[in-house]
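Q: Structure, please.
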Amino acid sequence: MSRIGRKLIEIPSGVTIDVKGQDVKVKGPKGELSLTMVPEMKLETVEGGYEVKRANDTKRVRALHGLTRSLINNMVVGVSEGFSKKLTIVGTGYRAALNGKKLGLTLGFSHLLDLDIPEGLTVEVPAQDTIIVSGADKQAVGQFAAHIRGYRPPEPYLGKGIRYADEYVRRKVGKTGK
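A: Numbers count the residues shown, from 1 in each chain. Below you'll find the model as predicted:
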């Protein structure tokens, strides 16, 4: 059996789970998230939380067991604590600014990039070289952070670009003169 799939989903105070057939809705202080499980999975109430059970042991269902449990657990963590990604901008003249519901990026292009902030996410710019993306949906937070990083990923020679705060950029040695 899946080690992750067998783990108990603990529910913190202030979070409620509503299960109707294959639809799971999780409500908490930071928002509401929903998921439609595959028909072979069931969410059962046990003492202390919830447990994901599978109908059979086919290869596909075994593969989805741990995934389903992780998705539901991430929803519970998201609506109670939330998720965030911190991005750092490195480079001369590279900066970020918040313009209402848009994130303005100056990344060495001939124009300013104005990115619309997706619904359900909050973006903070505490300094012009730091961006913090946060929200309840782990997938949406990671996707938007990757979208921002994709405009100018860090390059190995000078290290310029947008990187995650905990990312290590392996530097290469440039040309050597004769």
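Q: in the chain, which spans are helices?
A: In the chain, the helices defined using DSSP state H lie at 3-6, 59-80, 138-150.
Q: Quick one: low-confidence residue ranges for this structure.
A: 1, 178 (pLDDT under 70).
Q: can you pull out the strands in this structure?
A: Applying DSSP state E to the chain gives strands spanning 9-10, 16-20, 23-28, 31-36, 41-46, 49-54, 83-90, 95-99, 102-106, 113-116, 121-127, 130-135, 161-164.
Q: Export the ones you listed as CSV, with columns for mean neighbour count and distance to Lys172.
A: In this view, the C-beta of every residue, glycine as well, is placed from N, C-alpha and C. As requested, the strands of the chain are exported to CSV (neighbours: other C-beta atoms under 10 Å; distance: least, C-beta to C-beta, whole Å):
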stretch, mean neighbour count, distance to Lys172
strand 9-10, 16, 44
strand 16-20, 13, 49
strand 23-28, 19, 45
strand 31-36, 14, 42
strand 41-46, 14, 46
strand 49-54, 18, 45
strand 83-90, 19, 15
strand 95-99, 14, 25
strand 102-106, 17, 25
strand 113-116, 12, 27
strand 121-127, 14, 28
strand 130-135, 20, 25
strand 161-164, 20, 14
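Q: May I see those strands organised as a markdown table, with distance to Glu155 added?
A: Output for these, formatted as a markdown table (distance: least, C-beta to C-beta, whole Å):
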| stretch | distance to Glu155 |
| --- | --- |
| strand 9-10 | 41 |
| strand 16-20 | 45 |
| strand 23-28 | 40 |
| strand 31-36 | 36 |
| strand 41-46 | 43 |
| strand 49-54 | 42 |
| strand 83-90 | 10 |
| strand 95-99 | 18 |
| strand 102-106 | 16 |
| strand 113-116 | 18 |
| strand 121-127 | 22 |
| strand 130-135 | 18 |
| strand 161-164 | 6 |
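Q: thinking again about what came up before, closest one to Ser34 among the helices of the chain?
A: Proximity to Ser34, assessed across the helices of the chain by C-beta to C-beta, is greatest for helix 59-80 (8.1 Å).
Q: How far does that closest one sit from its chain's centre?
A: Relative to its chain's centre, helix 59-80 lies at 14 Å (C-alpha atoms, centre = their mean, to the nearest Å).
Q: Show me what counts as buried in it.
A: Buried residues in helix 59-80, counted by 16 or more other C-beta atoms under 10 Å: 61, 64-66, 68-80.
Q: ok so, going back, compare the helices of the chain and give me the one nearest Gly100.
A: Among the helices of the chain, helix 138-150 comes nearest to Gly100, with 16.7 Å by C-beta to C-beta.
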